[in-house]
Structure formats: C-alpha cells, structure tokens
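> quick one, structure for this:
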Amino acid sequence: MYKQEEIKPYHEGEKAQQVEQMFDNIAPTYDALNHRLSWDIDKGWRKKAIKQLAPFAPQTMLDIATGTGDFAILSAQMLHPRKLIGADISEGMMEIGRKKVNILGLQDTISFAKEDCLHLSFEDNTFDAVTAAFGIRNFADLDKGLSEMCRVLKPGGHLSIVELTTPVSFPMKQLFHIYSHTVLPVYGRLISKDTSAYSYLTKTIEAFPQGERMQQILCQAGFKEATFKRLTFGICTMYFATK
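Numbering: from 1, shown residues only. Take a look at the predicted model:
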C-alpha cells in the first residue's frame, strides 16, 4: 500500500466514494481553479504529454480520470483519433466535459463513460493509447489502477501520464512546500467552498511515489518500458510507458 491510498478527502466512507463526492462538489469551479492555481502552466504540461503519443498516431484512446475532459479534448485536437473515451467516477465533472465537447463539435470523437478505474468495463487489448492527467493520485489502489490501464491497452500500445509532484531541488522544493500549504488550500477553499478538497490535494501530491519509484511501479503493473521527465522544476512529472 502507498501512502496516498490512505489519504481521504473527508472522514466517512470508502476512499473511492469520497473522491467521487469531492469531485462532484468542486466540479463547477474545477477548471477555473486548476488554471489559476497553476498560472495556466497546466495547459503546457498537457500538450507535452500528448506530444509523446504523436509519433504513434493512436486511433482508439482512453482518458482515465478524465474529469471535465481537458486532456481528452486536447488529445482529440492534436492527435485526431477515430474514437476517444473519457472515463471518470464523477458524473458532475463529466457533465461539464460533455458540454465543452458539444460546444467544440467533438461529440463524434469523444464520449464519456462512468467507470471505476480499478475495474474497467472494457475488453483486454482495446485501446492504442491510454492517458491520465492529474488523476492517478486519487486511486484507492494504484497498482490495480495501473494494471487495468495496461490490460485494456493493445500490445505495443502506449500510456502517457502527467501528474503533480513535489520538486526535488532547492529552492523550488521549499517554495513549492510553502505555496502548497498556504495559497493552494486557502484559495481552493474560497473558490470551491469545499474545505477539504485542496488540503487533500496537497497531501496526496506529497505522499505520491514519483520519478524512479514510479518507473518501477509501472513496470510491476505490466509495462515493459517506462520513462519519466520532470517539468517546471519538478512541480509536474510526465511518464511514458509501453505495453
């Protein structure tokens, strides 16, 4: 068991149910908060993660923990797959995603599905590529979630993940610690009106395995190759794995 699996947004109930409730609660303000709290840098991180897949021109894609669909939408715009499914536990988040997809006229490419990411309903070897942005930290069982991603990928298919991490070098490590323990939870609380959500975010970022450790975990989950690259002084890390 990994540390972040023990961290829950609220006090009562299973982690998966609490995460679903939390994202339903913060869904209306999630996009604005995300972009503001990262000064819009998160958009660049997503682009870099999608570019990792460009040489392979995936036609069928699955975006895990899709939330309001930002990663799915950008993937559809940059890679032009035939079909892309955004999967998430929170209907509140996906409802906002559906509206964005309709406004952009991408409804023929992108669809949304309520899924438990630890027990995906898709057949083995279904997708050319699987993506996940800022979501796998919330898994109640990281090993199971990554194994499921591997299972639904076709042999030779690729996984592209972008995840928030803690910087490893001075002074960014210290500055990020201050920011994540003061500005992030306070501003998140003010805007989202959820007193727990953004404190939970900070705790899971700090507890989540990263870098070389995450590489090992991906290989244990069934991927034959895994690489990583730290972005913006290590505030974010990009992972790329091949089945």
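> C-alpha only now, for contacts and for neighbours.
Will do.
> now do the buried residues in the helix or strand hosting Ile178.
Ile178 belongs to helix 172-181 when elements are defined using DSSP states H and E. With burial defined by 16 or more other Cα atoms under 10 Å, the residues of helix 172-181 counted as buried are 172, 176, 180.
> which of those residues lies closest to Phe228?
Distance to Phe228, by Cα to Cα, is smallest for Met172 among these, at 19.0 Å.
> what's the closest non-adjacent residue to the closest one?
Take Met172 and drop its neighbours on the chain: the residue closest to it by Cα to Cα, 6 or more residues apart in numbering is Phe233, 6.7 Å away.
> quick one: the strands in the chain, in order.
When assigned using DSSP state E, the strands of the chain occupy the ranges 60-64, 83-88, 110-114, 127-133, 153-164, 225-231, 236-242.
> make JSON lines from the ones you listed and add mean neighbour count to it.
Formatted as JSON lines, the strands of the chain follow (neighbours: other Cα atoms under 10 Å):
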{"stretch": "strand 60-64", "mean neighbour count": "26"}
{"stretch": "strand 83-88", "mean neighbour count": "24"}
{"stretch": "strand 110-114", "mean neighbour count": "20"}
{"stretch": "strand 127-133", "mean neighbour count": "25"}
{"stretch": "strand 153-164", "mean neighbour count": "23"}
{"stretch": "strand 225-231", "mean neighbour count": "17"}
{"stretch": "strand 236-242", "mean neighbour count": "22"}
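> Serialize the ones you listed to TSV and add fields for distance to Ile205 and mean pLDDT.
Below are these laid out as TSV (distance: least, Cα to Cα, whole Å; pLDDT from 0 to 100):
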stretch	distance to Ile205	mean pLDDT
strand 60-64	18	98
strand 83-88	20	98
strand 110-114	25	98
strand 127-133	13	98
strand 153-164	6	98
strand 225-231	14	97
strand 236-242	10	98
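> can you redo those as CSV with distance to Phe139?
Putting these into CSV (distance: least, Cα to Cα, whole Å) gives the following:
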stretch, distance to Phe139
strand 60-64, 11
strand 83-88, 11
strand 110-114, 15
strand 127-133, 12
strand 153-164, 13
strand 225-231, 20
strand 236-242, 17
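> for the chain, what helix or strand is lowest in average pLDDT?
Across the helices and strands of the chain, mean pLDDT, DSSP states H and E gives its lowest value to helix 183-192, namely a mean of 79.
> report the buried residues of it.
Judged by neighbour count (16+ other Cα under 10 Å), helix 183-192 contains these buried residues: 184-185, 188-189, 192.
> same question for stretch 114-129.
In terms of neighbour count (16+ other Cα under 10 Å), stretch 114-129 has its buried residues at 115-118, 120, 125-129.
> swap in stretch 41-56?
Judged by neighbour count (16+ other Cα under 10 Å), stretch 41-56 contains these buried residues: 42, 45-46, 49-50, 52-53.
> so which of the buried residues of helix 183-192 comes closest to Ala87?
When those are compared for distance to Ala87 (Cα to Cα), Ser192 wins out at 22.9 Å.
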